[in-house]
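Novice: Let's see this in three dimensions:
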Amino acid sequence: MPELPRMPNLDFGVGSFTFETFPAGADNDANWESNIRALLESLPSVYDIEITGVESFTPPEGAPADWESDGVLLTPHPDSGKVSFWVTIPARTQRDITERTGGGYDYGGVEDFYVVTYYRTFPVSYVFVARENAPTYEGSQAVVIVREFLKEETRRHRAEDSIEFSFVEPSPFYCDFALVASTEPMDQPFRLERFPRQGYDDFRITYDAARYDSPYRAIPAFARDLSNELGYFYESVRIRLRRMKTSNDLRDRTAGLMAMTVEKRIIAGIPRFFKSRRLIRDLSLDLIIADYEFRQEVQTQQGEAEQLVERSSGLFQKDIDREVDSAFQAELDNMNNIVQLIASRQNRGVDITVLMITSLLGGIIGSIVTFVFTAVH
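Specialist: Modelled structure (predicted):
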């Protein structure tokens, strides 16, 4: 058996990072690469910047216009290429970030991180740290440190509000990853293994040390496969967030209708009655539309996810399925039941009111007829 060279192992975490340029539009898309490069070159702690293959942009379909950047990308983002760089973050800054984000980590002295974002269906970012320099440093921790640092540095060095460092949760993803050199020859470039545990799973990538003379040279080989699955995962997150926004808006409108229904102000009763009728009609229609769109969207995503799993590792299937299946059907059904209950009570109220008015008018008319008949005779 040939002796393989001893290679350093890398720990890393995964997230979804990108830089957004404002205002969104074709002009900014054309200058995206030069603007991002200029920003990164202006950051004193960033070096060895590479931007390659960025050729076209994908708009985030249906992104709500009133959302902040964190949580859902608002502007078009590249759908090809990659951005990579090294960043140095002093230990004191890391401690400040950790205290602010509620962590409690042992840093082990590492200050240099390698960051690479691949643009596929959605941006997928990897943050690497050499294990020999930080034996207790978890990959997910590195993502938090780099994420918060780049967010602060971008706002400090950007030109006004022209660029925003954005990320989509979960960043970090629910795994601590390790890139490990093989100790014996392999018949494939790399091997992927996921080990469930409480909290974050362990994810090990063993690369063929006979093929790659450095772990950093092995990154593009496995990142292509991982980025396809993880990119679809983060795209599914964005779609779920949009569905959640729609569901929350409908919930607020339902709550407003309920509040209006229990009001007891007699003077405002008639205007409130007609207003509530309009609200019921509009809300019922919007609930039907949302239910239809959510179901169609989930059906499409399920088909896409099945095709993706067939041509990939499948190790992220449960994560993708969890996002895809978040259709908020129970919430929509509950809201629809409430609206229909209010509508039926209102209709019964109308029937009783009509009956009372009819009876009252009948009595009045009977009295008038009796009075006239008596007067004549």
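Novice: For stretch 298-307, output the C-alpha coordinates as PDB.
Specialist: What follows is stretch 298-307, C-alpha atoms only, in PDB (Å, rounded to 0.1, in the frame of the first residue of the first chain):
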ATOM      1  CA  VAL A 298     -45.300  22.600  -2.800                       C
ATOM      2  CA  GLN A 299     -46.200  20.100  -5.500                       C
ATOM      3  CA  THR A 300     -43.700  21.700  -7.900                       C
ATOM      4  CA  GLN A 301     -41.000  21.700  -5.200                       C
ATOM      5  CA  GLN A 302     -41.600  18.100  -4.300                       C
ATOM      6  CA  GLY A 303     -41.100  17.100  -7.900                       C
ATOM      7  CA  GLU A 304     -37.900  19.200  -8.200                       C
ATOM      8  CA  ALA A 305     -36.600  17.800  -4.900                       C
ATOM      9  CA  GLU A 306     -37.100  14.200  -6.000                       C
ATOM     10  CA  GLN A 307     -35.100  14.800  -9.200                       C
END
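Novice: Now do the buried residues in it.
Specialist: Under the neighbour-count criterion of 16 or more other C-beta atoms under 10 Å, stretch 298-307 has Val298, Gln301, Glu304, Ala305 buried. For every residue, glycine as well, the C-beta is placed using N, CA and C.
Novice: quick check, nearest of those to Gly139?
Specialist: Ala305 (24.8 Å; C-beta to C-beta).
Novice: Could you double-check that Arg194 sits in contact with Leu226?
Specialist: No - Arg194 lies out of contact with Leu226 (C-beta atoms under 8 Å); the separation is 11.3 Å.
Novice: the more surrounded of the two?
Specialist: Leu226 (23 against 15; other C-beta atoms under 10 Å).
Novice: How about the more buried one, nearest residue that isn't a chain neighbour?
Specialist: Val124 (7.2 Å; C-beta to C-beta, 6 or more residues apart in numbering).
Novice: and the one you found, which of the three is it?
Specialist: The three-state assignment at Val124 reads strand, by DSSP: H, G, I helix; E, B strand; the rest coil.
Novice: Looks like it contacts Tyr118 (just checking).
Specialist: Yes - with contact defined as C-beta under 8 Å, Val124 reaches Tyr118; the gap is 5.2 Å.
Novice: Those two: which has the busier surroundings?
Specialist: Val124 (28 against 25).
Novice: Now do the strand or helix carrying Met260, average pLDDT.
Specialist: Here Met260, judged by DSSP states H and E, is contained in helix 215-262. For helix 215-262, the mean per-residue pLDDT is 84.
Novice: can you give me the offset of that helix from its chain's centre?
Specialist: 3 Å (C-alpha atoms, centre = their mean, to the nearest Å).
Novice: after it, next one along is what?
Specialist: Helix 215-262 is succeeded, C-terminally, by helix 269-310 (DSSP H and E).
Novice: Remind me what that following helix packs against, helices and strands.
Specialist: Secondary-structure packing of helix 269-310 (3 or more C-beta pairs under 8 Å, 6 or more residues apart in numbering; DSSP states H and E): helix 215-262, helix 317-324, helix 329-376.
Novice: what distance separates it from the middle of the whole chain?
Specialist: On C-alpha atoms, centre = their mean, the centre of helix 269-310 falls 20 Å from that of its chain.
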